[in-house]
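Participant: Below are the sequence and a predicted model; questions follow.
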Amino acid sequence: MDNDLKMRGGFWGGLVPLVIMVGGLIWLSVAERGGTKSFWAAAWIAIAVGIFFAKNPKDYCESIMRGIGDKTGIVIVTAWLFAGVFGKLMTAGGLVNGLLWMGMTTGAQGAIFVLLVFLAAMLFSLGTGSSTGTCIALAPVLYPAGYFLGADPAMLALAILSGAAFGDNLAPVSDTTIVSAFTQGATMQDVVRSRFPLCMTAAAFTAVVFLLFGSSGEVTKLPEIHANLNSSGLLMLLALVVVVVSSLAGRHIIESLIYGNITAAAVGIVSGNLKLTALFSIPAKRGDSTGLIEDGVNSVVGAIIFAILILAVTQVLVESGIMRRILALAESAIVKTVRQAESFIVLVTILISIPISANAPAELLVGPSLVRPVGVKFDLAPARRANLMDCAVCTIFFTLPWHIVVAAWYTAIIAASEVYQISAPSITVAFYNPYSWALLLVLFFSIATGWNRKFGGNEQEHVAK
């Protein structure tokens with residue numbers, strides 16, 4: 001399909017949609033107004049302007065439609081629909097309160113409490129797939145609790161951010177995991193199994209950092225913290241177990257998510273944390289939500305529409321030959337060995353994620369058009385390509401203040417500090433996020449030594465070429 005779409009100005013004319021879209025995303029992100037919904041306009045303008053550079057507008061429109069109807073995109077969109085509902089069910093079923101109970105009834109202090117906060121954030125983000133939701137849900141109670149229990153404020157805040165990054169990196173229901181797997185043609189079973197050692201190694205190093213530097217040495221009287229602490233909320237983790245086990249058993253991710261959703265709803269109802277009418281009921285008045293299912297679907301609408309627009313722009317780049325020329329340049333200049341190919345995948349993913357305030361869109365931009373063909377050329381297994389890309393997008397991304405999750409994390413920390421009249425660290429401490437740097441080191445160790453590298457599984461790709 002490469003080079004079928006003719007653009008005025010050749011290579012430079014074909015770049016126009018990409019330049020406009022990325023420029024708009026950077027502008028919004030730097031202005032701290034980034035978000036999947038606000039990104040819609042940048043992508044829409046890019047598509048609209050691009051048609052004036054097409055020699056045949058009809059071919060251009062058909063290219064856009066092929067991008068929107070791409071099979072990979074449809075799978076991602078469908079998975080997001082069920083993942084969004086799953087996250088809402090997990091939260092409504094009391095997972096937050098269960099984790100708070102775990103963290104605040106152990107009697108732990110100082111660095112030990114910081115480690116427990118990291119663990120709680122890991123579990124919550126694994127269960128919901130939402131790094132932003134993790135920060136917003138846990139910071140208001142765990143930050144002030146840890147502060148009064150002798151935890152170092154900076155390390156305490158970073159424990160929440162690090163745990164959020166871990167779940168975004170590994171959770172089968174995370175948008176980045178879904179995008180990385182399906183843009184590379186990998187099964188969720190292979191992705192989760194092979195990514196686990198990378199993530200857990202980085203998490204282990206991170207835990208050591210929190211144990212060494214997590215204590216302030218000043219324990220004061222803990223004021224009353226208004227939280228409905230309830231251990232029954234931990235039962236919601238059974239739903240996460242169902243999703244993970246089902247995925248590892250080779251079931252389709254959508255099938256696994258359906259089983260997880262049903263389990264989450266059942267556990268929530270049996271434990272008394274959820275009512276059946278909370279899932280779906282006739283609203284009191286027109287316009288009100290029908291329940292958690294609607295709320296869950298609505299939570300991913302912004303991401304879905306933006307993903308569709310990105311796929312449309314990417315298809316234009318592919319069919320006009322732009323991506324082929326970029327790949328040829330990269331391959332002739334820097335990509336000649338397997339290590340160089342893997343380094344290229346990591347670095348190009350990190351670079352595209354730096355200016356954009358959401359990391360799943362960054363994967364959508366480079367996954368199908370750059371990461372996949374480079375990996376296939378060196379016969380890297382689909383899961384290996386997915387893991388390199390997903391881990392890369394969870395490193396530097398979680399250290400920069402203009403990214404959505406970092407902004408949400410710091411806003412929650414500041415709000416909690418104001419409520420309890422305690423100090424808060426500067427937002428610049430995000431740059432020291434230990435999980436991000438540990439994961440980056442693990443990635444480059446894996447590339448240098450070949451640890452966790454797998455080959456094969458690209459037969460269909462080679463036949464197609």
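Facilitator: That came through fine. Numbering: from 1, shown residues only.
Participant: Okay, helices next: where are they in the stretch 201-350 of the chain?
Facilitator: 237-248, 253-270, 276-279, 292-299, 301-319, 322-333, 338-353 (DSSP state H, counting those that start in this stretch).
Participant: So, low pLDDT: which residues of this structure?
Facilitator: Counting by pLDDT under 70, the chain shows low-confidence ranges at 1-3, 32, 34-35, 217, 219-229, 327, 330-331, 357, 459-465.
Participant: Can you give me the domain assignment for it?
Facilitator: The chain breaks down into these domains under automatic domain parsing: 1-68+312-319, 73-299.
Participant: most packed of those?
Facilitator: domain 73-299 (a mean of 21; mean count of other CB atoms under 10 Å). Every residue, glycine included, has its C-beta placed from N, CA and C.
Participant: ok, residue 163 - contacts?
Facilitator: 117, 118, 119, 120, 121, 122, 123, 124, 125, 134, 138, 435 (CB atoms under 8 Å, 6 or more residues apart in numbering).
Participant: In space, what's closest to it - neighbours in sequence excluded?
Facilitator: residue 121 (2.2 Å; CB to CB, 6 or more residues apart in numbering).
Participant: what about residue 380, how many residues close to it?
Facilitator: 27 (other CB atoms under 10 Å).
Participant: Compute the distance between the closest residue to it other than its chain neighbours and residue 98, please.
Facilitator: Among residues not flanking residue 380 along the chain, residue 455 sits closest, at 6.4 Å (CB to CB, 6+ apart). For residue 455, the distance to residue 98 equals 42 Å [CB to CB, to the nearest Å].
Participant: what helices or strands is the helix or strand containing the residue nearest to residue 163 leaning on?
Facilitator: Taking DSSP states H and E as the criterion, residue 121 maps to helix 110-128. Helices and strands touching helix 110-128, by 3 or more CB pairs under 8 Å, 6 or more residues apart in numbering; DSSP states H and E, are helix 71-92, helix 95-104, helix 131-148, strand 149-151, helix 153-170, helix 188-213, strand 215-219, helix 237-248.
Participant: what does stretch 304-311 rub up against?
Facilitator: Counting by CB under 8 Å, 6+ apart, 21, 36-37, 39-40, 43-44, 47, 67-68, 70, 73, 76-77, 80-81, 179, 360-361, 364-365 sit against stretch 304-311.
Participant: at 6 Å instead, please
Facilitator: 36, 39, 40, 43, 67, 68, 70, 73, 77, 80, 361, 364 (CB atoms under 6 Å, 6 or more residues apart in numbering).
Participant: Relative to residue 109, which of the helices of the stretch 201-350 of the chain is closest?
Facilitator: helix 237-248 (25.0 Å; CB to CB).
Participant: who does that closest one touch, helix- and strand-wise?
Facilitator: helix 188-213, helix 253-270 (3 or more CB pairs under 6 Å, 6 or more residues apart in numbering; DSSP states H and E).
Participant: Determine how far the last one lies from the middle of the whole chain.
Facilitator: In this case it means helix 253-270. Chain-centre distance of helix 253-270: 21 Å, with CA atoms, centre = their mean, to the nearest Å.
Participant: do the same with the longest one
Facilitator: Computed by CA atoms, centre = their mean, the chain-centroid distance of helix 188-213 equals 16 Å.
Participant: do stretch 403-423 as well
Facilitator: Counting by CA atoms, centre = their mean, stretch 403-423 comes out at 21 Å from the chain centroid.
Participant: Could you export it as CSV, CA atoms only?
Facilitator: Only the C-alpha atoms of stretch 403-423 are listed here, as CSV (Å, rounded to 0.1, in the frame of the first residue of the first chain):
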residue,chain,number,x,y,z
HIS,A,403,2.0,15.3,31.4
ILE,A,404,-1.6,14.6,32.6
VAL,A,405,-0.8,12.0,35.2
VAL,A,406,2.0,14.0,36.8
ALA,A,407,-0.2,17.1,36.9
ALA,A,408,-3.1,15.1,38.5
TRP,A,409,-0.7,13.5,41.0
TYR,A,410,0.7,16.8,42.1
THR,A,411,-2.7,18.5,42.3
ALA,A,412,-3.9,15.7,44.6
ILE,A,413,-0.8,16.0,46.8
ILE,A,414,-1.2,19.8,47.1
ALA,A,415,-4.9,19.5,47.9
ALA,A,416,-4.2,16.9,50.7
SER,A,417,-1.4,19.1,52.2
GLU,A,418,-3.7,22.1,52.3
VAL,A,419,-6.5,20.1,54.1
TYR,A,420,-4.1,19.0,56.9
GLN,A,421,-1.9,22.1,56.9
ILE,A,422,1.3,20.1,56.1
SER,A,423,4.1,20.7,53.7
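Participant: And it, what's buried?
Facilitator: Neighbour-count burial for stretch 403-423 flags 403-410, 412-414, 416-417 (criterion: 16 or more other CB atoms under 10 Å).
Participant: and residue 108, which of the three is it?
Facilitator: coil (DSSP: H, G, I helix; E, B strand; the rest coil).
Participant: Next, the contact list for it, please.
Facilitator: residue 116.
Participant: Surely residue 141 and residue 102 touch.
Facilitator: No. The criterion here is CB atoms under 6 Å, and residue 141 misses it with residue 102 at 12.0 Å.
Participant: Which residues are in contact with the most centrally placed residue in the chain?
Facilitator: Centroid-nearest residue in the chain, with CA atoms, centre = their mean: residue 176, separated by 3.8 Å. Listed by CB under 6 Å, 6+ apart, the contact set of residue 176 reads 168, 359, 360, 390, 393.
Participant: Could you do residue 124 as well?
Facilitator: By CB under 6 Å, 6+ apart, the neighbours of residue 124 are 99, 134.
Participant: Grab the nearest non-local neighbour of residue 39.
Facilitator: residue 306 (5.1 Å).
Participant: Neighbours of the one you found, how many?
Facilitator: Residue 306 has 24 nearby residues by other CB under 10 Å.
Participant: do residue 437 as well
Facilitator: 20.
Participant: coming back round to it: out of the helices and strands packed on helix 237-248, which is closest to residue 369?
Facilitator: helix 188-213 (19.7 Å).
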